[in-house]
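Q: 3D model of this:
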Amino acid sequence: FKQISQAYEVLSNPEKKRIYDTGGEQALKEGGMNSGFSSPMDIFDVFFGGGGGSRRRARGENVVHRLSVSLEELYKGTTRKLALQKNVICDKCE
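A: Below is the predicted model:
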């Protein structure tokens, strides 16, 4: 329950989520004070939109799906399958 509460706290707070997305759990523990750059060239990504450093694909919006679980499932854990459809544009159509 403690881990679920911590995860909810991070995911429901846009600033904490941004820190976690860029630097992971360690960045949260440090209060987001680290630079978040894995290489010196990553700073160019910030100013010039990808001029250096690692090239990551832009992330889309989060997918939200309401899922009902029982208290017992929360306590003991459970596995569920979730089928999603994703619309993509083919290379020829772009």
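Q: tell me where the protein has helices.
A: All helices of the chain, identified by DSSP state H, fall at 2-11, 14-29, 42-48, 71-76.
Q: among those helices, show the one with the smallest mean pLDDT.
A: Ranked by mean pLDDT, those bottom out at helix 42-48, which scores a mean of 63.
Q: do you know which of the helices of the chain lies nearest Val63?
A: The closest of the helices of the chain to Val63 is helix 2-11. By CB to CB, the value is 12.7 Å. Yep, even glycine has a C-beta here, placed from its N, CA and C like the rest.
Q: list the buried residues in that closest one.
A: Residues of helix 2-11 classed as buried by neighbour count (16 or more other CB atoms under 10 Å): Val10.
Q: contacting residues around that helix?
A: Lys16, Lys17, Tyr20, Leu28, Leu74 (CB atoms under 8 Å, 6 or more residues apart in numbering).
Q: ok, stretch 83-90 next?
A: With CB under 8 Å, 6+ apart, stretch 83-90 has contacts from Val63.
Q: need the mean per-residue confidence for that stretch.
A: Mean predicted lDDT for stretch 83-90 stands at 82.
Q: all numbers from here: first residue = 684
A: All set: I'll call the first residue 684, so the last point we hit is now stretch 766-773.
Q: how close does Gln689 sit to Lys775?
A: Distance of Gln689 to Lys775, given as CB to CB, to the nearest Å: 45 Å.
Q: and what of Ser688?
A: 47 Å.
Q: most neighbours of all the contacts of helix 685-694, which one?
A: Greatest neighbour count in those, by other CB atoms under 10 Å, goes to Tyr703: 18 neighbours.
Q: many thanks, I have nothing further to ask.
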